[in-house]
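K.L.:
What follows is a protein structure lacking sequence information:
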């Protein structure tokens, strides 16, 4: 995983906890997960839900 060992990952998590607080950390993780998912879908070329709804609304 990006060449990071367990100690480096633990250090990053601790720094995030200090700067953001424990309550915001799950929301940050959720946002990062959504971004990664959208990036993977874009690489595969499958349309996102917003693109699908826009294409359904058009009548060409």
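P.N.:
All right, it came through fine. Bear in mind that the values here come from a model prediction, so they are computed numbers and not experimental data. Numbering: from 1, shown residues only.

K.L.:
how far does stretch 12-21 sit from the chain's center?
P.N.:
18 Å (C-alpha atoms, centre = their mean, to the nearest Å).

K.L.:
all helices of this protein, in order?
P.N.:
In the chain, the helices defined using DSSP state H lie at 6-20, 25-44, 49-57.

K.L.:
Just put those helices in CSV and tack on mean neighbour count.
P.N.:
The way it works is simple: take the backbone N, C-alpha and C, and place the C-beta from them, glycine included. Formatted as CSV, the helices of the chain follow (neighbours: other C-beta atoms under 10 Å):
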stretch, mean neighbour count
helix 6-20, 11
helix 25-44, 10
helix 49-57, 9
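
K.L.:
now these in a markdown table, with mean pLDDT?
P.N.:
Conversion of these to a markdown table gives the following (pLDDT from 0 to 100):
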| stretch | mean pLDDT |
| --- | --- |
| helix 6-20 | 86 |
| helix 25-44 | 89 |
| helix 49-57 | 62 |
